[in-house]
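In: Here is my input, please return the structure:
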Amino acid sequence: MTDFAKLPVTVITGFLGSGKTTLIRHLMQNVGGTRLAVVVNEFGDVGVDGEILKSCAIPDCPAENVVELANGCICCTVADDFIPTIEALMALDPRPDHILIETSGLALPKPLLKAFDWPDIRSRITVDGVIAVADAEAVAAGRFAPNLAAIDAQRAADDSIDHETPLSEVFEDQISCADIVLLTKPDLAGPEGVATARAVIEAEAPRRLPIVEVAEGVVDPRVILGLGAGAEDDLDARPSHHDSAADHDHDDFESIVVDLPEQADPAILAGRIEALARKQNILRVKGHAAVQGKPMRLLVQAVGARVRHQYDRPWGVGEARSTRLVVIAEHDDIDEGAIRAALAG
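Out: Coordinates of the predicted model:
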């Protein structure tokens with residue numbers, strides 16, 4: 001893969017206990033020379049999934065390529081956690097060949113797909129496919145999730161979840177967004193249960209989907225990786241219970257570029273960014289700055305009011321010492337004049 005190729009991402013969705021982590025563990029150990037990175041957002045058992053996967057680390061997917069997001073369901077915390085994590089994985093050296101994302105069991109998949117249209121990453125990444133992992137026995141019984149008590153505890157533990165969606169609707173959204181469905185634990189469901197689960201999935205799917213029985217997460221990686229679905233460009237074919245005019249569309253976001261002179265003190269610049277984020281609900285600020293008397297370029301990254309800055313490299317010979325920041329906010333929160341004034345001090 002060249003540096004100009006889009007980095008493929010596979011989204012793996014399904015309820016807590018459906019077998020997502022077992023599947024990813026199998027992929028990590030059997031993907032055959034493909035450099036993987038993994039984002040884990042399952043927090044029903046805090047820290048457990050991430051540690052399980054890190055313990056399986058191999059040269060093609062070292063422990064540092066496994067990132068756990070435990071601050072809430074990523075369909076509800078896209079700007080704060082998900083986008084910065086994807087950017088960090090894309091910056092790894094060597095760069096991963098493929099990223100796997102294990103969503104929370106309560107994540108609505110379509111808002112996550114919409115996040116891949118985010119201005120910072122849409123030209124560099126593509127959703128290779130969405131894999132729905134479904135527990136055959138639970139689906140056949142109409143429970144959808146294998147452990148309802150664990151799901152309730154997960155929902156109660158996550159303050160970030162902004163949807164009170166019935167499990168049946170979450171399941172339907174998972175199937176609707178999927179490119180392939182993996183039907184797990186077929187031995188527990190038995191032939192009759194598997195047949196019932198297949199019928200339920202086929203009835204809920206908006207289009208014909210491949211349904212593959214999988215035991216212990218064992219599936220040929222060629223079946224689910226390299227689908228080339230481009231799901232971020234195929235949203236209309238993936239209807240959701242939450243499709244409405246009120247849903248976030250990335251036309252709702254706007255960015256402006258702010259050029260500034262050399263800065264006297266990085267801390268002062270960081271303070272201005274923090275104050276701006278608190279006053280105008282800015283989502284992201286990123287860029288670089290020239291600091292008076294310093295031979296190194298200052299890299300600036302802010303998510304909301306959390307600002308980080310560090311010197312990343314010397315200024316090049318003949319390179320203009322400049323300060324340039326990109327500010328991203330929701331469309332209604334952009335006041336370009338006020339933003340420029342706040343950053344200029």
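
In: Okay, helices next: where are they in this structure?
Out: Under the criterion DSSP state H, the chain carries helices at the ranges 20-30, 48-55, 83-90, 109-115, 136-140, 148-157, 167-177, 186-204, 221-224, 266-280, 336-344.

In: what's in contact with stretch 228-244?
Out: Stretch 228-244 has contacts (C-beta atoms under 8 Å, 6 or more residues apart in numbering) with 8, 11, 108, 110-111, 113-114, 116-117, 122, 126-130, 163, 165, 169, 172-173, 176-177, 179, 206-207. C-betas here are computed from N, CA, C, even on glycine.

In: Recalculate using a threshold of 7 Å.
Out: Outside of stretch 228-244, the residues within contact range by C-beta atoms under 7 Å, 6 or more residues apart in numbering are 108, 110, 113-114, 116-117, 126-130, 169, 172-173, 176-177, 179, 206-207.

In: So which of the helices of the chain has the densest surroundings on average?
Out: Each of those was scored by mean neighbour count; the highest is helix 136-140, a mean of 25, by mean count of other C-beta atoms under 10 Å.

In: so what does that one touch, helix or strand wise?
Out: When contacts are defined as 3 or more C-beta pairs under 7 Å, 6 or more residues apart in numbering; DSSP states H and E, helix 136-140 packs onto helix 186-204.

In: And the contacts of the helix it packs on?
Out: Residues outside helix 186-204 that contact it (C-beta under 7 Å, 6+ apart): 134, 136-137, 139-140, 172, 175, 181, 183, 211, 213, 215.

In: Spatially, which two of the residues you listed are the most separated?
Out: Glu172 and Ala215 (24.8 Å; C-beta to C-beta).

In: okay, and for the stretch 51-200 of the chain, where does confidence drop off?
Out: Scanning the stretch 51-200 of the chain for pLDDT under 70 picks out the ranges 51-65, 68-81, 106, 145-166.

In: hmm, 80 instead?
Out: Residues of the stretch 51-200 of the chain meeting the criterion pLDDT under 80: 51-83, 104-108, 111, 115, 117-120, 143-168.

In: can you check the stretch 201-345 of the chain too?
Out: For the stretch 201-345 of the chain (pLDDT under 80), the answer is 241-255, 281-284, 286, 301, 303-306, 328-334.

In: isn't Ser255 right up against Leu325?
Out: No - if you go by C-beta atoms under 7 Å, Ser255 and Leu325 don't touch, sitting 10.3 Å apart.

In: Of the two, which one has the most company?
Out: Legend: neighbour count by other C-beta atoms under 10 Å for Ser255 and Leu325, higher for Leu325 (21 against 15).

In: so what's that one bridging to?
Out: Beta bridges link Leu325 to Val258, Gly287 when assigned by DSSP bridges.

In: Could you measure from it over to Ala290?
Out: Separation of Leu325 from Ala290 (C-beta to C-beta, to the nearest Å) stands at 12 Å.

In: re the thing from before, could you dump the helices of the chain to JSON lines with distance to Pro96?
Out: Formatted as JSON lines, these follow (distance: least, C-beta to C-beta, whole Å):
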{"stretch": "helix 20-30", "distance to Pro96": "12"}
{"stretch": "helix 48-55", "distance to Pro96": "14"}
{"stretch": "helix 83-90", "distance to Pro96": "6"}
{"stretch": "helix 109-115", "distance to Pro96": "18"}
{"stretch": "helix 136-140", "distance to Pro96": "31"}
{"stretch": "helix 148-157", "distance to Pro96": "28"}
{"stretch": "helix 167-177", "distance to Pro96": "23"}
{"stretch": "helix 186-204", "distance to Pro96": "31"}
{"stretch": "helix 221-224", "distance to Pro96": "15"}
{"stretch": "helix 266-280", "distance to Pro96": "30"}
{"stretch": "helix 336-344", "distance to Pro96": "34"}
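
In: And the ones you listed: which comes nearest Glu319?
Out: Going by C-beta to C-beta, the one of these nearest Glu319 is helix 266-280, 19.0 Å.

In: Now do that closest one against helix 336-344, angle only.
Out: 150 degrees (axes from the mean of the first three to the mean of the last three C-alpha atoms, to 10 degrees).

In: May I have helix 266-280 exported as CSV, CA atoms only?
Out: Only the C-alpha atoms of helix 266-280 are listed here, as CSV (Å, rounded to 0.1, in the frame of the first residue of the first chain):
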residue,chain,number,x,y,z
PRO,A,266,3.3,28.4,24.0
ALA,A,267,1.4,28.5,27.3
ILE,A,268,-0.3,31.7,26.4
LEU,A,269,-1.4,30.3,23.0
ALA,A,270,-2.7,27.2,24.7
GLY,A,271,-4.6,29.3,27.1
ARG,A,272,-6.3,31.2,24.3
ILE,A,273,-7.3,28.0,22.6
GLU,A,274,-8.7,26.6,25.8
ALA,A,275,-10.7,29.8,26.5
LEU,A,276,-12.0,29.8,22.9
ALA,A,277,-13.1,26.1,23.1
ARG,A,278,-15.0,26.8,26.4
LYS,A,279,-16.7,30.0,25.0
GLN,A,280,-17.6,28.8,21.5
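
In: who's in contact with it?
Out: With C-beta under 7 Å, 6+ apart as the test, helix 266-280 has contacts from 263, 282, 285, 289, 291, 298, 302, 304-305, 307, 309, 329, 333, 335, 338-339, 342-343, 345.

In: For stretch 255-267, buried residues please.
Out: 258, 260, 263, 266 (16 or more other C-beta atoms under 10 Å).
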